[in-house]
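fold the following, please.
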Amino acid sequence: MLERARELLPLLRTGGVVAAVTVTRVDRSAPRGAGATMAVTADGRVIGSISGGCVEGDAILLAHGARVDGAPRTARLGFSDDAAHAAGLACGGSVDVAAYAVRAEPAVIDALEAAASGRGATVGLVLGGPAAGTMLNEAALRAALAGRPEAADEALDDAFRHRTTVVLPGALDGHDVLVLSHAPAPRLIVVGAGEHAAALCRVAAAAGFAVTVCDVWETLVTCERFPAAVELIVGLPHEYLAELDASVVDSRTAVCVLSHDERLDVPALAAALALPVGFVGAMGARGTVTHRTAQLRDAGVTAADIARVRSPLGLDLGGASPDETAISVLAEIVATRHGGSGVPLSARSGPLHRRPAAAARDSAQTSSGASPSDEEASGAPISTAPAPQSPAAGATSGCGIPLAAGAS
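Numbers count the residues shown, from 1 in each chain. Below is the predicted model of the structure:
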């Protein structure tokens, strides 16, 4: 439901009742995972999808029933391999789904508004019993499920912490509760504003990252060069990173240092390694990496933290242009985040879509090959002059992107 926030809010605000169908579990092959949602309006309009078209017909029927009588429904939809091939489908597999009515209730509107604005949100839907169909906000959900066994509490805490969509069996008076969550976009903080940074901003934003760009060059940190960024920072990168509250970054956050100036690179990397982020990388030729490693060591950075730096940055895709390099860098970020091997799927066996537990168990560390080549890609030079005068805090660029002043 929450992934469709931008489409659902206008419909609900006009008094409409919409039905949603959410995937709660995937068995074997399926194009989308748990949390994937489609919505169906009263006039039959379908918003989004939960598969490649194989089960949408049945899902629409479930949705109409839930919208009409308000009672949530659960079902398993899908095909065996034999049945799928007989029907002309590429593969088999099944999904467990929940269909439910979505109305303009305070808990629903608050959660949808949070999701639409990019913030994390969680609501609970009671699937059975006298309270079936009731939506609970986060506080009400915690209160309703208080006093349950420790393992159940851990499952709920995990859903809140990681903003995952799960079913808690028998959680409320013996009835299942569907926890619907929306995680904010993962953050990518790019240090440097050269051509490779501009390319990485474009590619990462298209992949769903909220991108921040930080550099000392005010003439480079502009919305014309970075229209997809959510935040532009003019100032010293290490000071910006040092002032970040730990609550605004997490294990999904990536920091990529592309400034090509050791006076900025080294302090920025040291500051990034002090944050609870999941990925820290730096562009550079192998000789640069060796020299920078010695500088980090001299700066007091531990060997364990230095080993966390992905440098040279990116997977070995063989490309050389800024855009190709950006794809290489993003590929390594995604592979690291999900425990991927970075090898072609055609060279692997087993399921294509690994579950998180399996990914963690089977994860193989990806070798850090240079993105475009063994030589450092050229980028905009960093001036030896002091950082330019930063704009007033709270100012925005001409295209409305927050243009914050870096620490000075």
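
now the helices for the stretch 201-350 of the chain?
237-242, 262-273, 286-298, 303-306, 322-338 (DSSP state H, counting those that start in this stretch).

where in the stretch 301-408 of the chain is pLDDT low?
Residue ranges of the stretch 301-408 of the chain with pLDDT under 70: 352-408.

then the stretch 1-150 of the chain?
Low-confidence segments of the stretch 1-150 of the chain (pLDDT under 70): 28-31, 79-93, 148-150.

possible to save the helices of the stretch 201-350 of the chain as CSV with mean neighbour count and distance to residue 113?
Glycine gets a C-beta too; all of them are placed from N, C-alpha and C. Shown next, in CSV, are these (neighbours: other Cβ atoms under 10 Å; distance: least, Cβ to Cβ, whole Å):
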stretch, mean neighbour count, distance to residue 113
helix 237-242, 22, 29
helix 262-273, 22, 32
helix 286-298, 15, 43
helix 303-306, 13, 39
helix 322-338, 21, 27
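
and residue 254, which of these is closest to it?
helix 322-338 (4.8 Å; Cβ to Cβ).

contacts for that closest one?
With Cβ atoms under 8 Å, 6 or more residues apart in numbering as the test, helix 322-338 has contacts from 186, 188, 195-196, 198-200, 202-204, 207, 252, 254, 256, 278-279, 281, 283, 310, 313-317, 319, 340-342, 356, 359, 366, 368, 371-372, 377.

picking that back up, same list (the helices of the stretch 201-350 of the chain) but as JSON lines, adding distance to residue 156.
Shown next, in JSON lines, are the helices of the stretch 201-350 of the chain (distance: least, Cβ to Cβ, whole Å):
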{"stretch": "helix 237-242", "distance to residue 156": "33"}
{"stretch": "helix 262-273", "distance to residue 156": "32"}
{"stretch": "helix 286-298", "distance to residue 156": "40"}
{"stretch": "helix 303-306", "distance to residue 156": "33"}
{"stretch": "helix 322-338", "distance to residue 156": "24"}
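
closest one to residue 128 among these?
Going by Cβ to Cβ, the one of the helices of the stretch 201-350 of the chain nearest residue 128 is helix 322-338, 33.5 Å.

quick one: end-to-end length of stretch 303-318, please.
30 Å (Cα to Cα, to the nearest Å).

of the helices of the stretch 201-350 of the chain, give the one that comes closest to residue 174.
Short answer: helix 322-338, nearest of the helices of the stretch 201-350 of the chain by Cβ to Cβ, at 35.5 Å.

figure out how far that closest one is from the centre of its chain.
14 Å (Cα atoms, centre = their mean, to the nearest Å).

then stretch 60-76?
The answer for stretch 60-76 is 29 Å, by Cα atoms, centre = their mean.

show me which residues of it are buried.
Going by neighbour count (16 or more other Cβ atoms under 10 Å), the buried part of stretch 60-76 is 60, 62-63, 65-67, 72-75.
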